[in-house]
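*Asks:* heads up, no residue letters with this:
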RNA sequence: GACGAUGUAGCUCAGCUGGUAGAGCAGCGGCCUUUUAAGCCGUUUGUCGUGGGUUCGAUUCCCACCAUCGUCACCA
(Lines give C-alpha, C1' and ligand atoms only; values in the text may rest on other atoms or scores of the structure.)
Protein backbone atom coordinates (compact mmCIF):
# COMPACT_ATOMS: atom_id res chain seq x y z
CA UNK A 1 0.00 0.00 0.00
CA UNK A 2 2.91 2.35 0.66
CA UNK A 3 4.66 2.02 -2.66
CA UNK A 4 1.73 3.03 -4.80
CA UNK A 5 1.71 6.58 -6.12
CA UNK A 6 -0.96 8.21 -3.99
CA UNK A 7 -3.73 9.85 -5.94
CA UNK A 8 -3.42 13.60 -5.79
CA UNK A 9 -6.31 14.77 -3.75
CA UNK A 10 -7.69 18.22 -4.04
CA UNK A 11 -5.79 19.41 -0.97
CA UNK A 12 -2.46 18.32 -2.36
CA UNK A 13 -3.20 19.82 -5.78
CA UNK A 14 -3.95 23.13 -4.15
CA UNK A 15 -0.70 23.07 -2.24
CA UNK A 16 1.29 22.28 -5.36
CA UNK A 17 -0.41 25.17 -7.10
CA UNK A 18 0.57 27.43 -4.21
CA UNK A 19 4.13 26.20 -4.49
CA UNK A 20 4.12 27.11 -8.18
CA UNK A 21 2.64 30.50 -7.39
CA UNK A 22 5.31 31.19 -4.78
CA UNK A 23 8.01 30.32 -7.30
CA UNK A 24 6.43 32.68 -9.83
CA UNK A 25 6.73 35.37 -7.19
CA UNK A 26 10.44 34.62 -6.93
CA UNK A 27 10.25 32.77 -3.61
CA UNK A 28 12.81 30.00 -3.06
CA UNK A 29 10.61 27.27 -1.58
CA UNK A 30 13.47 25.06 -0.37
CA UNK A 31 16.40 27.29 0.57
CA UNK A 32 19.65 26.01 2.04
CA UNK A 33 20.01 27.37 5.52
CA UNK A 34 18.64 29.77 8.07
CA UNK A 35 20.57 31.36 10.89
CA UNK A 36 18.71 31.29 14.18
CA UNK A 37 19.48 33.28 17.28
CA UNK A 38 16.88 31.67 19.55
CA UNK A 39 14.61 28.69 20.00
CA UNK A 40 10.99 29.06 21.02
CA UNK A 41 11.74 28.25 24.64
CA UNK A 42 14.79 30.57 24.67
CA UNK A 43 12.44 33.39 23.79
CA UNK A 44 9.75 32.35 26.24
CA UNK A 45 12.32 32.11 29.05
CA UNK A 46 13.95 35.45 28.32
CA UNK A 47 10.82 37.26 27.21
CA UNK A 48 11.00 40.07 29.70
CA UNK A 49 14.52 41.22 28.80
CA UNK A 50 13.97 40.63 25.11
CA UNK A 51 10.84 42.72 25.16
CA UNK A 52 12.58 45.58 26.96
CA UNK A 53 15.68 45.54 24.80
CA UNK A 54 13.66 45.24 21.58
CA UNK A 55 16.44 42.99 20.40
CA UNK A 56 15.90 41.31 17.05
CA UNK A 57 15.49 37.57 17.37
CA UNK A 58 15.48 34.98 14.59
CA UNK A 59 13.86 31.61 14.92
CA UNK A 60 12.67 28.85 12.67
CA UNK A 61 9.91 26.31 12.93
CA UNK A 62 6.91 24.68 11.39
CA UNK A 63 3.64 26.57 11.06
CA UNK A 64 1.11 24.73 13.22
CA UNK A 65 -1.78 27.21 13.37
CA UNK A 66 -2.70 30.22 11.27
CA UNK A 67 -5.28 32.83 12.21
CA UNK A 68 -5.56 35.28 9.37
CA UNK A 69 -7.43 38.54 10.00
CA UNK A 70 -7.47 40.59 6.87
CA UNK A 71 -4.38 42.73 7.11
CA UNK A 72 -2.64 40.89 9.93
CA UNK A 73 -2.15 37.35 11.01
CA UNK A 74 -1.38 35.40 14.16
CA UNK A 75 0.25 32.04 13.78
CA UNK A 76 2.11 29.49 15.85
CA UNK A 77 5.41 28.00 14.87
CA UNK A 78 6.80 24.84 16.42
CA UNK A 79 10.46 23.98 16.79
CA UNK A 80 12.05 21.08 18.62
CA UNK A 81 11.80 22.96 21.90
CA UNK A 82 8.14 23.98 21.73
CA UNK A 83 5.76 26.50 20.21
CA UNK A 84 5.60 30.23 20.02
CA UNK A 85 3.15 32.69 18.53
CA UNK A 86 4.18 35.00 15.73
CA UNK A 87 2.37 38.13 14.59
CA UNK A 88 2.64 39.17 10.95
CA UNK A 89 1.29 42.59 10.10
CA UNK A 90 0.90 43.99 6.61
CA UNK A 91 2.28 47.38 7.73
CA UNK A 92 5.37 45.74 9.14
CA UNK A 93 6.32 43.40 6.29
CA UNK A 94 4.88 45.25 3.29
CA UNK A 95 2.06 44.33 0.97
CA UNK A 96 4.01 42.05 -1.38
CA UNK A 97 5.43 40.03 1.47
CA UNK A 98 2.06 39.82 3.16
CA UNK A 99 0.56 38.39 -0.03
CA UNK A 100 3.31 35.78 0.03
CA UNK A 101 2.55 34.94 3.65
CA UNK A 102 -1.05 34.32 2.71
CA UNK A 103 0.16 31.48 0.47
CA UNK A 104 1.70 29.67 3.43
CA UNK A 105 0.02 26.61 4.94
CA UNK A 106 0.01 24.71 8.16
CA UNK A 107 3.00 22.39 7.90
CA UNK A 108 5.34 24.84 6.13
CA UNK A 109 8.71 25.57 7.70
CA UNK A 110 9.43 29.25 8.08
CA UNK A 111 12.13 31.46 9.51
CA UNK A 112 11.11 34.70 11.19
CA UNK A 113 13.00 37.71 12.49
CA UNK A 114 11.44 40.30 14.75
CA UNK A 115 11.02 41.62 18.26
CA UNK A 116 9.36 40.12 21.28
CA UNK A 117 6.10 41.49 22.67
CA UNK A 118 3.18 40.37 24.79
CA UNK A 119 -0.35 40.37 23.40
CA UNK A 120 -3.42 41.77 25.16
CA UNK A 121 -4.30 38.30 26.34
CA UNK A 122 -0.79 37.87 27.72
CA UNK A 123 0.86 35.55 25.22
CA UNK A 124 4.54 36.11 24.49
CA UNK A 125 4.84 36.57 20.75
CA UNK A 126 7.19 37.63 17.96
CA UNK A 127 6.34 40.78 16.02
CA UNK A 128 7.64 39.74 12.63
CA UNK A 129 9.72 42.20 10.64
CA UNK A 130 10.89 39.69 8.08
CA UNK A 131 10.10 36.08 7.25
CA UNK A 132 11.27 33.47 4.78
CA UNK A 133 9.88 30.18 3.63
CA UNK A 134 12.23 27.33 4.57
CA UNK A 135 10.31 24.35 3.22
CA UNK A 136 6.88 24.07 1.63
CA UNK A 137 4.48 21.44 2.88
CA UNK A 138 2.47 19.87 0.08
CA UNK A 139 0.88 17.05 2.06
CA UNK A 140 -1.63 18.29 4.64
CA UNK A 141 -0.94 17.58 8.29
CA UNK A 142 -3.67 16.50 10.69
CA UNK A 143 -4.78 19.54 12.65
CA UNK A 144 -4.84 19.04 16.37
CA UNK A 145 -6.54 21.78 18.33
CA UNK A 146 -6.45 22.35 22.00
CA UNK A 147 -8.34 24.50 24.46
CA UNK A 148 -7.91 24.49 28.20
CA UNK A 149 -6.09 21.22 28.11
CA UNK A 150 -8.75 19.50 26.08
CA UNK A 151 -7.55 18.14 22.75
CA UNK A 152 -9.75 18.22 19.71
CA UNK A 153 -9.37 16.02 16.67
CA UNK A 154 -6.30 14.30 18.05
CA UNK A 155 -4.26 12.30 15.58
CA UNK A 156 -4.90 9.05 17.38
CA UNK A 157 -5.14 6.25 14.84
CA UNK A 158 -2.54 3.80 16.15
CA UNK A 159 -1.72 2.35 12.80
CA UNK A 160 -1.05 5.71 11.18
CA UNK A 161 0.83 6.93 14.24
CA UNK A 162 3.29 4.01 14.14
CA UNK A 163 3.62 3.75 10.39
CA UNK A 164 4.00 7.48 9.92
CA UNK A 165 5.85 8.31 13.09
CA UNK A 166 7.11 11.54 11.52
CA UNK A 167 3.54 12.85 11.58
CA UNK A 168 2.94 11.53 15.08
CA UNK A 169 6.02 13.39 16.33
CA UNK A 170 5.02 16.65 14.67
CA UNK A 171 1.48 16.58 15.89
CA UNK A 172 1.67 14.89 19.31
CA UNK A 173 4.23 16.67 21.50
CA UNK A 174 3.90 14.12 24.32
CA UNK A 175 5.24 11.46 21.94
CA UNK A 176 8.38 13.47 21.43
CA UNK A 177 8.78 13.65 25.22
CA UNK A 178 8.63 9.88 25.56
CA UNK A 179 11.48 9.47 23.11
CA UNK A 180 13.52 12.26 24.65
CA UNK A 181 13.14 10.44 27.98
CA UNK A 182 14.14 7.18 26.33
CA UNK A 183 17.38 8.73 25.19
CA UNK A 184 18.02 10.22 28.62
CA UNK A 185 17.50 6.79 30.18
CA UNK A 186 20.08 5.22 27.89
CA UNK A 187 22.49 8.09 28.56
CA UNK A 188 22.09 7.62 32.31
CA UNK A 189 22.70 3.89 31.91
CA UNK A 190 25.91 4.58 30.03
CA UNK A 191 27.27 7.00 32.58
CA UNK A 192 26.26 4.67 35.40
CA UNK A 193 28.16 1.80 33.81
CA UNK A 194 31.11 3.96 32.80
CA UNK A 195 31.44 5.29 36.34
CA UNK A 196 31.72 1.72 37.61
CA UNK A 197 34.61 1.06 35.24
CA UNK A 198 32.69 -0.90 32.62
CA UNK A 199 33.98 -0.73 29.05
CA UNK A 200 31.33 -0.32 26.36
CA UNK A 201 31.88 -2.68 23.45
CA UNK A 202 30.18 -3.84 20.27
CA UNK A 203 29.79 -7.50 19.39
CA UNK A 204 28.41 -9.13 16.23
CA UNK A 205 24.75 -8.93 15.37
CA UNK A 206 25.24 -11.34 12.48
CA UNK A 207 26.33 -14.59 14.03
CA UNK A 208 27.17 -18.00 12.57
CA UNK A 209 25.60 -19.56 15.65
CA UNK A 210 23.15 -17.99 18.05
CA UNK A 211 22.97 -18.36 21.79
CA UNK A 212 22.74 -16.72 25.17
CA UNK A 213 18.99 -17.08 25.51
CA UNK A 214 16.20 -19.52 24.84
CA UNK A 215 14.52 -18.14 21.74
CA UNK A 216 13.96 -18.69 18.05
CA UNK A 217 16.30 -16.65 15.85
CA UNK A 218 15.90 -14.84 12.54
CA UNK A 219 17.93 -16.45 9.79
CA UNK A 220 19.60 -14.55 6.99
CA UNK A 221 22.01 -15.46 4.25
CA UNK A 222 25.43 -14.25 3.26
CA UNK A 223 25.70 -14.58 -0.51
CA UNK A 224 29.46 -14.54 -0.96
CA UNK A 225 30.17 -16.81 2.00
CA UNK A 226 27.25 -18.94 0.86
CA UNK A 227 26.09 -19.59 4.35
CA UNK A 228 23.24 -18.78 6.65
CA UNK A 229 23.78 -16.37 9.50
CA UNK A 230 21.61 -15.65 12.51
CA UNK A 231 20.61 -12.31 13.95
CA UNK A 232 21.68 -12.42 17.56
CA UNK A 233 19.14 -13.29 20.24
CA UNK A 234 21.56 -12.11 22.96
CA UNK A 235 25.06 -10.64 23.34
CA UNK A 236 26.01 -13.02 26.10
CA UNK A 237 28.39 -15.51 24.53
CA UNK A 238 30.52 -12.84 22.86
CA UNK A 239 30.70 -10.64 25.93
CA UNK A 240 31.89 -13.60 27.99
CA UNK A 241 34.60 -14.26 25.40
CA UNK A 242 35.77 -10.73 26.15
CA UNK A 243 35.92 -11.51 29.86
CA UNK A 244 38.05 -14.51 28.92
CA UNK A 245 40.18 -12.10 26.87
CA UNK A 246 40.94 -10.10 29.95
CA UNK A 247 38.49 -7.21 30.08
CA UNK A 248 37.27 -7.13 33.67
CA UNK A 249 34.06 -5.26 33.06
CA UNK A 250 32.24 -4.93 29.74
CA UNK A 251 28.79 -3.90 28.64
CA UNK A 252 26.83 -3.46 25.45
CA UNK A 253 23.58 -1.67 24.72
CA UNK A 254 22.10 -2.97 21.51
CA UNK A 255 19.38 -4.67 19.60
CA UNK A 256 18.50 -8.33 19.95
CA UNK A 257 16.18 -10.13 17.56
CA UNK A 258 13.78 -12.89 18.45
CA UNK A 259 11.54 -14.60 15.98
CA UNK A 260 8.48 -14.84 18.15
CA UNK A 261 5.04 -13.40 18.72
CA UNK A 262 4.38 -9.72 19.21
CA UNK A 263 2.22 -8.07 21.83
CA UNK A 264 2.31 -5.01 23.96
CA UNK A 265 5.51 -6.07 25.68
CA UNK A 266 7.27 -7.79 22.77
CA UNK A 267 8.75 -6.37 19.60
CA UNK A 268 10.81 -8.65 17.32
CA UNK A 269 13.79 -6.33 17.69
CA UNK A 270 14.33 -4.85 21.10
CA UNK A 271 17.10 -3.23 23.09
CA UNK A 272 19.09 -4.92 25.83
CA UNK A 273 21.74 -3.75 28.19
CA UNK A 274 24.07 -6.64 28.94
CA UNK A 275 26.97 -6.37 31.31
CA UNK A 276 29.59 -8.77 32.67
CA UNK A 277 31.88 -8.25 35.64
CA UNK A 278 34.80 -10.50 36.48
CA UNK A 279 35.37 -11.60 40.06
CA UNK A 280 31.73 -10.95 41.00
CA UNK A 281 28.67 -13.13 41.50
CA UNK A 282 24.94 -12.57 41.07
CA UNK A 283 24.56 -10.64 44.32
CA UNK A 284 26.71 -7.92 42.72
CA UNK A 285 24.22 -7.73 39.85
CA UNK A 286 21.32 -7.30 42.24
CA UNK A 287 23.12 -4.31 43.70
CA UNK A 288 23.81 -2.95 40.21
CA UNK A 289 20.17 -3.39 39.19
CA UNK A 290 18.89 -1.64 42.30
CA UNK A 291 21.41 1.14 41.91
CA UNK A 292 20.72 1.67 38.23
CA UNK A 293 16.95 1.77 38.67
CA UNK A 294 17.26 4.07 41.65
CA UNK A 295 19.55 6.38 39.66
CA UNK A 296 17.01 6.47 36.83
CA UNK A 297 14.23 7.21 39.28
CA UNK A 298 16.03 10.12 40.85
CA UNK A 299 17.13 11.62 37.52
CA UNK A 300 13.98 10.97 35.49
CA UNK A 301 11.28 11.17 38.15
CA UNK A 302 13.07 13.11 40.83
CA UNK A 303 11.72 10.63 43.36
CA UNK A 304 12.01 6.93 44.22
CA UNK A 305 8.28 6.58 43.64
CA UNK A 306 7.20 5.34 40.24
CA UNK A 307 3.63 5.45 39.01
CA UNK A 308 2.86 2.93 36.30
CA UNK A 309 -0.65 2.52 34.93
CA UNK A 310 -2.10 4.14 38.03
CA UNK A 311 -0.21 1.98 40.54
CA UNK A 312 2.59 3.23 42.74
CA UNK A 313 5.90 1.44 43.24
CA UNK A 314 8.65 2.36 45.68
CA UNK A 315 11.97 1.73 43.96
CA UNK A 316 14.15 2.42 46.98
CA UNK A 317 16.78 -0.31 47.46
CA UNK A 318 17.13 -2.91 48.75
CA UNK A 319 14.36 -4.91 47.12
CA UNK A 320 13.00 -8.12 48.60
CA UNK A 321 14.49 -11.38 47.33
CA UNK A 322 12.24 -14.40 46.98
CA UNK A 323 13.47 -17.89 46.21
CA UNK A 324 11.97 -19.43 43.08
CA UNK A 325 10.83 -22.62 44.74
CA UNK A 326 9.51 -20.85 47.83
CA UNK A 327 7.18 -18.86 45.58
CA UNK A 328 6.15 -21.83 43.49
CA UNK A 329 5.63 -24.15 46.42
CA UNK A 330 3.56 -21.58 48.26
CA UNK A 331 1.43 -20.98 45.17
CA UNK A 332 0.63 -24.64 44.53
CA UNK A 333 0.70 -25.85 48.13
CA UNK A 334 3.21 -28.61 47.35
CA UNK A 335 6.94 -29.07 47.08
CA UNK A 336 7.48 -28.77 43.34
CA UNK A 337 10.94 -30.29 43.61
CA UNK A 338 9.40 -33.57 44.78
CA UNK A 339 7.02 -33.75 41.81
CA UNK A 340 7.58 -35.78 38.67
CA UNK A 341 7.50 -34.05 35.27
CA UNK A 342 4.02 -35.42 34.73
CA UNK A 343 2.82 -34.10 38.07
CA UNK A 344 4.16 -30.64 37.23
CA UNK A 345 2.33 -30.77 33.91
CA UNK A 346 -0.81 -31.69 35.81
CA UNK A 347 -0.38 -28.69 38.09
CA UNK A 348 0.01 -26.50 35.02
CA UNK A 349 -3.19 -27.86 33.59
CA UNK A 350 -5.02 -26.50 36.64
CA UNK A 351 -4.16 -23.05 35.29
CA UNK A 352 -5.48 -24.04 31.88
CA UNK A 353 -2.11 -24.83 30.34
CA UNK A 354 -1.95 -27.88 28.14
CA UNK A 355 1.54 -29.31 28.28
CA UNK A 356 3.02 -32.60 27.22
CA UNK A 357 5.38 -33.78 29.97
CA UNK A 358 7.12 -36.07 27.49
CA UNK A 359 7.95 -33.29 25.02
CA UNK A 360 8.58 -30.38 27.34
CA UNK A 361 11.71 -30.33 29.44
CA UNK A 362 11.49 -30.13 33.21
CA UNK A 363 12.93 -26.63 33.22
CA UNK A 364 10.27 -25.37 30.91
CA UNK A 365 7.55 -27.10 32.88
CA UNK A 366 8.71 -25.38 36.04
CA UNK A 367 8.94 -22.10 34.18
CA UNK A 368 5.33 -22.53 33.04
CA UNK A 369 4.27 -23.26 36.54
CA UNK A 370 5.98 -20.11 37.71
CA UNK A 371 4.49 -18.06 34.90
CA UNK A 372 1.00 -19.31 35.63
CA UNK A 373 0.90 -19.13 39.41
CA UNK A 374 3.51 -16.67 40.58
CA UNK A 375 4.50 -14.09 38.00
CA UNK A 376 1.20 -12.21 37.69
CA UNK A 377 1.23 -11.57 41.44
CA UNK A 378 4.74 -10.15 41.51
CA UNK A 379 4.10 -6.43 41.73
CA UNK A 380 7.64 -5.67 42.72
CA UNK A 381 10.11 -4.29 42.66
CA UNK A 382 11.63 -7.58 43.76
CA UNK A 383 14.08 -10.27 42.80
CA UNK A 384 13.25 -13.90 42.26
CA UNK A 385 16.39 -15.90 42.95
CA UNK A 386 17.82 -19.40 42.65
CA UNK A 387 16.20 -20.97 39.62
CA UNK A 388 16.07 -24.64 38.67
CA UNK A 389 19.17 -25.75 36.85
CA UNK A 390 17.33 -27.17 33.83
CA UNK A 391 16.05 -23.73 32.96
CA UNK A 392 19.38 -21.96 32.85
CA UNK A 393 22.05 -23.66 30.75
CA UNK A 394 24.55 -20.81 31.10
CA UNK A 395 24.24 -20.22 34.83
CA UNK A 396 26.55 -21.52 37.49
CA UNK A 397 25.42 -24.23 39.86
CA UNK A 398 24.25 -22.88 43.20
CA UNK A 399 27.04 -23.01 45.77
CA UNK A 400 24.79 -24.65 48.35
CA UNK A 401 22.19 -26.55 46.29
CA UNK A 402 23.13 -28.77 43.38
CA UNK A 403 19.72 -28.63 41.65
CA UNK A 404 19.66 -24.86 41.50
CA UNK A 405 21.61 -22.17 39.75
CA UNK A 406 22.65 -18.76 41.04
CA UNK A 407 20.27 -16.74 38.94
CA UNK A 408 17.79 -13.96 39.53
CA UNK A 409 15.18 -12.07 37.59
CA UNK A 410 13.96 -8.60 38.51
CA UNK A 411 10.23 -7.95 38.49
CA UNK A 412 8.24 -4.77 38.40
CA UNK A 413 4.55 -4.27 37.70
CA UNK A 414 4.02 -8.01 37.21
CA UNK A 415 6.62 -8.20 34.49
CA UNK A 416 10.19 -9.38 34.23
CA UNK A 417 12.64 -6.69 33.22
CA UNK A 418 16.05 -8.19 33.87
CA UNK A 419 17.84 -11.49 34.16
CA UNK A 420 21.17 -12.29 35.72
CA UNK A 421 23.38 -15.03 36.99
CA UNK A 422 26.68 -16.09 38.35
CA UNK A 423 28.11 -17.16 35.01
CA UNK A 424 28.98 -20.79 34.45
CA UNK A 425 32.73 -20.91 33.86
CA UNK A 426 33.41 -24.62 34.30
CA UNK A 427 33.95 -25.74 30.66
CA UNK A 428 33.08 -29.37 31.40
CA UNK A 429 29.85 -28.49 33.17
CA UNK A 430 29.04 -26.08 30.33
CA UNK A 431 29.54 -28.84 27.77
CA UNK A 432 27.16 -31.09 29.67
CA UNK A 433 24.55 -28.33 29.78
CA UNK A 434 24.84 -27.79 26.03
CA UNK A 435 24.46 -31.51 25.53
CA UNK A 436 21.31 -31.49 27.65
CA UNK A 437 20.03 -28.67 25.45
CA UNK A 438 20.87 -30.82 22.44
CA UNK A 439 18.62 -33.56 23.76
CA UNK A 440 15.78 -31.06 24.21
CA UNK A 441 16.37 -29.89 20.67
CA UNK A 442 16.14 -33.41 19.34
CA UNK A 443 12.91 -33.80 21.28
CA UNK A 444 11.49 -30.87 19.35
CA UNK A 445 12.26 -27.82 21.49
CA UNK A 446 13.25 -25.29 18.85
CA UNK A 447 14.25 -22.76 21.49
CA UNK A 448 16.92 -24.96 23.00
CA UNK A 449 20.43 -23.64 22.50
CA UNK A 450 22.80 -25.06 19.93
CA UNK A 451 26.25 -26.13 21.11
CA UNK A 452 28.87 -23.46 20.55
CA UNK A 453 32.23 -25.22 20.31
CA UNK A 454 34.22 -22.02 20.10
CA UNK A 455 32.56 -20.67 23.21
CA UNK A 456 33.51 -23.86 25.00
CA UNK A 457 37.08 -23.38 23.85
CA UNK A 458 37.00 -19.91 25.36
CA UNK A 459 35.85 -21.34 28.67
CA UNK A 460 38.61 -23.95 28.45
CA UNK A 461 41.09 -21.11 28.07
CA UNK A 462 39.59 -19.94 31.33
CA UNK A 463 37.00 -17.38 32.41
CA UNK A 464 37.35 -15.92 35.89
CA UNK A 465 34.37 -16.00 38.22
CA UNK A 466 31.95 -13.63 36.51
CA UNK A 467 28.55 -12.09 37.06
CA UNK A 468 26.29 -11.18 34.14
CA UNK A 469 23.14 -9.12 33.82
CA UNK A 470 20.72 -8.36 31.01
CA UNK A 471 18.23 -5.52 31.27
CA UNK A 472 15.29 -4.99 28.92
CA UNK A 473 15.74 -1.33 28.03
CA UNK A 474 12.37 -0.96 26.29
CA UNK A 475 10.58 -2.23 29.35
CA UNK A 476 12.41 0.12 31.65
CA UNK A 477 11.47 2.96 29.34
CA UNK A 478 7.85 1.80 29.49
CA UNK A 479 7.92 2.02 33.27
CA UNK A 480 9.56 5.42 33.41
CA UNK A 481 7.37 6.99 30.73
CA UNK A 482 4.21 5.20 31.89
CA UNK A 483 3.52 3.73 28.46
CA UNK A 484 1.18 0.81 28.01
CA UNK A 485 2.74 -0.69 24.89
CA UNK A 486 6.30 -1.36 23.80
CA UNK A 487 5.32 0.21 20.49
CA UNK A 488 4.99 3.51 22.26
CA UNK A 489 8.65 3.44 23.30
CA UNK A 490 10.08 2.24 19.96
CA UNK A 491 10.20 4.92 17.27
CA UNK A 492 9.43 2.58 14.41
CA UNK A 493 7.87 -0.57 15.86
CA UNK A 494 7.38 -3.67 13.76
CA UNK A 495 4.06 -3.64 11.97
CA UNK A 496 2.44 -6.54 10.20
C1' G B 1 -1.58 -19.06 15.89
C1' A B 2 -7.00 -18.76 18.38
C1' C B 3 -11.13 -15.81 19.82
C1' G B 4 -13.49 -10.91 20.15
C1' A B 5 -13.96 -5.65 18.67
C1' U B 6 -12.97 -2.04 15.07
C1' G B 7 -11.86 -0.09 9.79
C1' U B 8 -16.94 5.82 6.62
C1' A B 9 -13.79 12.95 3.68
C1' G B 10 -6.66 15.09 5.02
C1' C B 11 -7.94 14.46 10.92
C1' U B 12 -11.85 13.10 14.73
C1' C B 13 -16.44 10.90 14.28
C1' A B 14 -22.24 10.17 13.13
C1' G B 15 -25.06 7.13 9.70
C1' C B 16 -31.99 3.32 13.01
C1' U B 17 -34.86 -2.41 10.61
C1' G B 18 -30.66 -2.65 2.92
C1' G B 19 -32.60 2.58 -1.64
C1' U B 20 -24.81 4.69 -3.87
C1' A B 21 -23.50 9.25 2.60
C1' G B 22 -23.30 13.55 6.84
C1' A B 23 -21.01 16.96 11.08
C1' G B 24 -16.81 19.57 13.28
C1' C B 25 -11.84 20.79 12.15
C1' A B 26 -8.58 21.36 7.79
C1' G B 27 -9.29 23.31 2.54
C1' C B 28 -11.33 27.06 -1.03
C1' G B 29 -13.86 32.23 -1.80
C1' G B 30 -15.42 36.79 0.88
C1' C B 31 -15.23 40.32 5.47
C1' C B 32 -11.91 41.30 9.47
C1' U B 33 -4.52 45.11 11.59
C1' U B 34 -3.79 41.86 19.34
C1' U B 35 -6.26 36.66 17.67
C1' U B 36 -5.50 31.96 20.15
C1' A B 37 -10.39 25.38 19.28
C1' A B 38 -10.33 33.44 16.46
C1' G B 39 -15.16 34.90 14.49
C1' C B 40 -19.03 35.70 10.63
C1' C B 41 -21.07 34.49 5.45
C1' G B 42 -20.65 31.11 1.39
C1' U B 43 -18.56 26.48 -0.57
C1' U B 44 -15.68 21.80 -2.13
C1' U B 45 -14.05 17.03 -0.75
C1' G B 46 -15.40 10.35 -0.38
C1' U B 47 -13.06 3.34 -5.01
C1' C B 48 -17.99 3.86 3.07
C1' G B 49 -10.50 -1.30 4.43
C1' U B 50 -9.97 -5.05 -0.11
C1' G B 51 -12.25 -8.97 -3.00
C1' G B 52 -16.34 -12.04 -3.75
C1' G B 53 -21.65 -13.36 -2.86
C1' U B 54 -27.14 -12.62 -1.78
C1' U B 55 -30.51 -8.82 -3.81
C1' C B 56 -33.96 -5.05 -8.71
C1' G B 57 -30.52 -2.40 -5.43
C1' A B 58 -25.39 -2.96 -0.07
C1' U B 59 -21.68 1.57 3.65
C1' U B 60 -25.75 -1.29 5.82
C1' C B 61 -26.79 -8.75 5.15
C1' C B 62 -23.25 -13.27 4.22
C1' C B 63 -18.14 -15.25 3.13
C1' A B 64 -12.93 -14.64 2.50
C1' C B 65 -8.76 -11.62 2.95
C1' C B 66 -5.90 -7.29 4.92
C1' A B 67 -4.87 -3.96 8.97
C1' U B 68 -5.33 -2.05 14.07
C1' C B 69 -6.70 -2.85 19.17
C1' G B 70 -7.84 -6.34 23.17
C1' U B 71 -7.55 -11.30 25.51
C1' C B 72 -5.07 -15.93 25.29
C1' A B 73 -0.85 -18.95 23.43
C1' C B 74 4.88 -18.05 22.84
C1' C B 75 8.59 -15.11 24.90
C1' A B 76 12.15 -10.41 27.31
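*Replies:* Yes, it's here. Being a predicted model, the structure only gives us computed values, none of them experimental.
*Asks:* Any regions of the stretch 301-450 of chain A where pLDDT drops low?
*Replies:* A:351-360 (pLDDT under 70).
*Asks:* can you check the stretch 1-150 of chain A too?
*Replies:* If you take pLDDT under 70 as the line, the stretch 1-150 of chain A has these spans: A:1-8, A:148-150.
*Asks:* Enumerate the residues of it near RNA strand B.
*Replies:* Proximity of the stretch 1-150 of chain A to RNA strand B, by CB under 7 Å from any atom of the strand, involves residues A:7, A:9-11, A:14, A:18, A:65-72, A:74, A:85, A:87, A:89-91, A:105-106, A:117, A:119-123, A:125, A:127, A:140, A:142-147. Placement of C-beta: from N, CA and C, glycine included.
*Asks:* now, which of those lie within helices?
*Replies:* With DSSP state H as the criterion, helices contain A:10-11, A:14, A:18, A:90-91 from among those.
*Asks:* could you dump these to a markdown table with distance to residue A:320?
*Replies:* Shown next, in a markdown table, are those (distance: CB to CB, whole Å):
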| residue | distance to residue A:320 |
| --- | --- |
| A:10 | 63 |
| A:11 | 58 |
| A:14 | 63 |
| A:18 | 64 |
| A:90 | 69 |
| A:91 | 70 |
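*Asks:* Closest one of these to residue A:478?
*Replies:* residue A:11 (36.6 Å; CB to CB).
*Asks:* What's the local residue count around the closest one?
*Replies:* Other residues lying near residue A:11 total 12 when counted by other CB atoms under 10 Å.
*Asks:* Report the buried members of the ones in helices among the residues of the stretch 1-150 of chain A next to RNA strand B.
*Replies:* If you count burial by 16 or more other CB atoms under 10 Å, the buried members of these come out as A:18, A:90.
*Asks:* Need the distance between the two termini of stretch A:203-220.
*Replies:* 18 Å (CA to CA, to the nearest Å).
*Asks:* List the buried residues of it.
*Replies:* A:203, A:207, A:210-215, A:217.
*Asks:* Show me chain A divided up by domain.
*Replies:* A:8-154, A:176-320+A:380-489 (automatic domain parsing).
*Asks:* What's opposite residue A:87 in the beta bridge?
*Replies:* residue A:74, residue A:127 (DSSP bridges).
*Asks:* Residue A:123 is in contact with that one, correct?
*Replies:* No. At 9.7 Å, residue A:87 does not count as touching residue A:123 under the criterion of CB atoms under 8 Å.
*Asks:* of the two, who's got more company?
*Replies:* residue A:87 (19 against 14).
*Asks:* Distance-wise, check the more buried one relative to residue A:208.
*Replies:* 64 Å (CB to CB, to the nearest Å).
*Asks:* Ok, residue A:391 next?
*Replies:* 26 Å.
*Asks:* Residue A:58: what's it in contact with?
*Replies:* With contacts defined as CB atoms under 8 Å, 6 or more residues apart in numbering, the neighbours of residue A:58 are A:34-38, A:111-113.
*Asks:* where's it, which helix or strand?
*Replies:* According to DSSP states H and E, residue A:58 maps onto strand A:57-69.
*Asks:* same deal with residue A:185?
*Replies:* Counting by DSSP H and E, residue A:185 is found in helix A:173-195.
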